[in-house]
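**Student:** Could you look at this predicted model? Sequence included:
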Amino acid sequence: MNKTIKIEELIFTKIKHRYHFQKENRIGGRNIRDKLIIDSFYPAAIANSIAYPEGLITTMTSRKGYAISERVANDLDSKRLHISELTTMLGYTKTDIGKILQRAKNKEFNIVLVGLGGTGANFLHFVYEMMQWTGKGYIFNNMLMMDDDDFDIPNMLRIPFIPQFDSNETRASKINTTPTKFSNIANSTIRRSQLLTEEFINTNDSRLMGLTNKTIIYGAPDIGTREMLTNSIYTFIAATHKDNEYSIVENPAVDNDLMMETYGKINLSKFFLNHLSMTIEFLKHIGEREFPLGKNEDAEGREIQRENETIVRHNFADRFSVEFENGFKAGAKKLFIADENRTLTEIELGEI
């Protein structure tokens, strides 16, 4: 006997596997609830809307508090935090961010984004937001975006922008639904709905990437692609996230303890702030970088290239342990992130 699996069941199962289900009603005090960053509660709201389609439990309603993601703010009819407030939470001023962007811009580097899922999408969104705020533009000389995949619903929860859909588009490809405004991040932007392969690098297609001494490949691709990129003539910087931690590693060894994006369950508020922090750290690195890009030779003809070099590794919960207890300062606001250990809830899928 064949069993029919409904699409709602698949979506629910994937969301439950990837995200913490959190509810703010387990946090005492209305004063704190009104100052919560509500992205953490979005997966539970989606799951409840699937589990109770007849409205037995209503969750997709207006929420007090503040959202980081455009999607969360839109769906929950809530206020969205400005980039100035988000960077303040991480300890940066407008002057700090302006200098970081300008130093990166002065390098006139090219960037190849390998993948537009969690890491690539958040990078584009937060760089653009910081550019708009500080008045800086065209941080890179050329930008090549590469991804052959489509967005799926569970994956889209961790995308901080609302994808741009063309009425003539028959698939939700990441390349074609990434907003065109992000092209302002570079003087020239090219999009390719394909994988970044060794063949691409070793053929004339590599001209789209730019000179090896001016180009950085950035992202969190699969293991096979990471190994290929680490051994390529370009500088590859892997940016990966797991639980509360993120790391940025140059030309990572595949057999080391480099964090994988097969991470545990996600607290979306921490996830977005971690990716903003990771984006800033990456921009700081390229602005301050003195070691040459790509494979080079020293005066004696020996090949020199950094391998498995950790640029930064941070644990968000440890780094901001005081703020988790006392609140994050965001301009005139004091905001709180709900810890998953205090707010976890169970949602079971009923008969759909």
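**Tutor:** That came in fine, so what should we check first?
**Student:** Where do the helices of the stretch 51-200 of the chain begin and end?
**Tutor:** 70-75, 83-89, 94-106, 118-134, 153-156, 174-177, 198-202 (DSSP state H, counting those that start in this stretch).
**Student:** Take the first one, keep the C-alpha atoms, and write them as PDB.
**Tutor:** Output in PDB follows, covering the C-alpha atoms of helix 70-75 (Å, rounded to 0.1, in the frame of the first residue of the first chain):
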ATOM      1  CA  GLU A  70      12.400  41.600   6.200                       C
ATOM      2  CA  ARG A  71      10.300  38.500   5.900                       C
ATOM      3  CA  VAL A  72       9.700  38.200   9.600                       C
ATOM      4  CA  ALA A  73       8.700  41.800   9.900                       C
ATOM      5  CA  ASN A  74       6.300  41.500   7.000                       C
ATOM      6  CA  ASP A  75       4.700  38.200   8.100                       C
END
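**Student:** can I see the domain layout of the chain?
**Tutor:** The chain breaks down by automatic domain parsing into domains covering 7-80+336-343, 93-320.
**Student:** Can you add mean pLDDT and give the helices of the stretch 51-200 of the chain back as a markdown table?
**Tutor:** Converted to a markdown table, the helices of the stretch 51-200 of the chain look like this (pLDDT from 0 to 100):
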| stretch | mean pLDDT |
| --- | --- |
| helix 70-75 | 93 |
| helix 83-89 | 97 |
| helix 94-106 | 98 |
| helix 118-134 | 97 |
| helix 153-156 | 87 |
| helix 174-177 | 90 |
| helix 198-202 | 91 |
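**Student:** of all these, which lies closest to residue 220?
**Tutor:** With C-beta to C-beta as the criterion, residue 220 lies closest to helix 118-134 of the helices of the stretch 51-200 of the chain, at 4.2 Å. Where you see a C-beta, it was placed from the backbone N, CA and C, and this is true even at glycine.
**Student:** What residues of that closest one count as buried?
**Tutor:** 118-131, 133-134 (16 or more other C-beta atoms under 10 Å).
**Student:** got the helices of the stretch 51-200 of the chain as TSV, with distance to residue 183 columns?
**Tutor:** Output for the helices of the stretch 51-200 of the chain, formatted as TSV (distance: least, C-beta to C-beta, whole Å):
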stretch	distance to residue 183
helix 70-75	18
helix 83-89	19
helix 94-106	16
helix 118-134	10
helix 153-156	21
helix 174-177	12
helix 198-202	21
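**Student:** picking that back up, worst average pLDDT in the domains of the chain?
**Tutor:** When the domains of the chain are ranked by mean pLDDT, domain 7-80+336-343 comes last with a mean of 83.
**Student:** And that one, how far out from the chain middle?
**Tutor:** Domain 7-80+336-343 has its average C-alpha position 19 Å from the chain's average C-alpha position, going by C-alpha atoms, centre = their mean, to the nearest Å.
**Student:** Just the endpoints, please. Distance across that domain?
**Tutor:** The straight-line separation of the ends of domain 7-80+336-343 (C-alpha to C-alpha, to the nearest Å) is 28 Å.
**Student:** How about stretch 65-72?
**Tutor:** 11 Å.
**Student:** what about residue 41, how many residues close to it?
**Tutor:** 28 (other C-beta atoms under 10 Å).
**Student:** what about stretch 82-95, start to end distance?
**Tutor:** Taking C-alpha to C-alpha, stretch 82-95 runs 16 Å from one end to the other.
**Student:** if we look at it, which residues are touching it?
**Tutor:** 68, 96-97, 100, 126, 129-130, 132-134, 273, 276-277, 280, 323, 328-331, 333, 335 (C-beta atoms under 8 Å, 6 or more residues apart in numbering).
**Student:** Also stretch 172-187?
**Tutor:** Contacts of stretch 172-187 (C-beta under 8 Å, 6+ apart): 110-111, 116-117, 121, 124-125, 127-128, 131, 137-143, 145-147, 149-152, 161, 163-166, 169, 189, 191-193.
**Student:** quick one: contacts for the nearest residue to residue 215 once chain neighbours are set aside?
**Tutor:** Distance criterion C-beta to C-beta, 6 or more residues apart in numbering; nearest residue to residue 215, sequence neighbours excluded, is residue 110 at 4.2 Å. Residues near residue 110 by C-beta under 8 Å, 6+ apart: 140-144, 186, 209-211, 214-216.
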